[in-house]
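A.B. asks: Got a sequence here, can you build the structure:
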Amino acid sequence: MQEKVERLERTLLATNRSLKKFKKKSKDDLQKHREEMQEVMKKLLSNEKEKKDPILLVTILPSILQTSHISVPGIENICKISLASPDKLWVSDGEEELLQVDFKGHLRQRSVIQYSISHTITGNGNLLFTCGENVKKFKSDGTITTLITSTENVECIHSSRINGDILVGIYCTIPHTETSIGKVIRYDKKGKKLLDIEQDNNGQQLFQVPYDITENKNGDIWTSDKCMAVVVDKSGDHRFNYTGLPSQSSFRPQRICTDVLGYVLVCDNFSSSIHLLSKEGRLLSILLPKQYNMRPPFALCVDDKHNLYLGEYESNIITVFKYLEVTEQ
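C.D. replies: Below is the predicted model of the structure:
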């Protein structure tokens, strides 16, 4: 019995020594690991300090530079232009032709759609277009499905580059009057209604005839209306209106778009010019000087390289301009 007790005591003693060694080793390993991690973090922080975002120098060209033109086959009017990819455009004539062309004017796809006056490209490359009271989807495989059905004619649409929501402008004329009432509706990408935008905080009607609609990078929604561009934030709260130059006797905004820097471009059919605005609505430049001798601009879009694609009234020509120069410093 005594031997068993002594053997057990020796075993316990040996175990305690092993545990002490293990604990010391584990402690040393843990400390070493902490020191290694601290070194890694120091290097990461040091690299982040050394890495600086490039400073972009943005120059608005004093005179926009015409770079090329695209002849769209088979149509006589260009009503709406959307950038389908870096080298393709969707173009509609506002009557029945919906065409996809490349930058050489070669026809890639064609669909006959009655009275499709507005269209937009979704984040995954599908085309959404208006068709009377409906918004339809033209998939890349050529199939067409109805995404949204409205109670009024859909005048304009825009697919958000921020979250894929769909902005829809509609209007109706009050019976026995010449007064129109419009509104903007926000849907999710599946066509579920999320928000009606119709009045400001004082109960005043925001829109008469929403002709075109776009969304800026800060979430603001810009809508060209009868004689102004109406700007609301992403929640639908009214921010301000842009009414053109104070010296202008009239302002008739038509197509409207924004670029990757947050600038806003508005077609003014009254003066046959393009107004380039800041996101706060400050006029930066009047594009399209008279020396180009173009018909009133009717459709426009921009790409991420600051090229402006401009369609003319009663013409099948899209003229391409460079309006900004951006360099890294």
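
A.B. asks: And the helices in this structure, which stretches?
C.D. replies: For the chain, applying DSSP state H gives helices covering 2-50.

A.B. asks: so what does the longest strand along the chain touch, helix or strand wise?
C.D. replies: Criterion DSSP state E: the longest strand present in the chain is strand 56-71. Contacting strand 56-71 under the criterion 3 or more CB pairs under 8 Å, 6 or more residues apart in numbering; DSSP states H and E are the following elements: strand 283-287, strand 307-312, strand 317-328. All C-beta spots, glycine's among them, are computed from the backbone N, C-alpha and C.

A.B. asks: Could you dump the ones you listed into TSV with distance to T122 and mean neighbour count added?
C.D. replies: Converted to TSV, the helices and strands packed on strand 56-71 look like this (distance: least, CB to CB, whole Å; neighbours: other CB atoms under 10 Å):
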stretch	distance to T122	mean neighbour count
strand 283-287	28	16
strand 307-312	19	24
strand 317-328	22	16
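
A.B. asks: hmm, back to that, adjacent strands (with direction) for the longest strand of the chain?
C.D. replies: Take DSSP bridges as the rule and strand 56-71 pairs in its sheet with strand 317-328 (antiparallel).

A.B. asks: Keeping just the C-alphas, turn the partner strand into PDB.
C.D. replies: Written as PDB, here are the backbone C-alpha positions of strand 317-328 (Å, rounded to 0.1, in the frame of the first residue of the first chain):
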ATOM      1  CA  ILE A 317     -27.300  60.700 -85.800                       C
ATOM      2  CA  ILE A 318     -25.800  60.400 -82.300                       C
ATOM      3  CA  THR A 319     -22.900  62.800 -81.900                       C
ATOM      4  CA  VAL A 320     -20.200  62.000 -79.300                       C
ATOM      5  CA  PHE A 321     -18.500  64.800 -77.300                       C
ATOM      6  CA  LYS A 322     -15.900  65.000 -74.600                       C
ATOM      7  CA  TYR A 323     -17.000  67.500 -72.000                       C
ATOM      8  CA  LEU A 324     -14.600  66.800 -69.100                       C
ATOM      9  CA  GLU A 325     -10.900  66.100 -68.700                       C
ATOM     10  CA  VAL A 326      -9.900  64.200 -65.600                       C
ATOM     11  CA  THR A 327      -6.300  63.500 -64.600                       C
ATOM     12  CA  GLU A 328      -4.700  62.000 -61.500                       C
END
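
A.B. asks: could you give the angle of that strand to strand 307-312?
C.D. replies: Counting by axes from the mean of the first three to the mean of the last three CA atoms, to 10 degrees, strand 317-328 lies at 160 degrees to strand 307-312.

A.B. asks: how big is the angle separating strand 317-328 from strand 283-287?
C.D. replies: Using the same axes, to 10 degrees: strand 317-328 against strand 283-287 is 140 degrees.

A.B. asks: what pLDDT, on average, does strand 317-328 get?
C.D. replies: Mean pLDDT, strand 317-328: 90.

A.B. asks: go on, stretch 60-76?
C.D. replies: 90.
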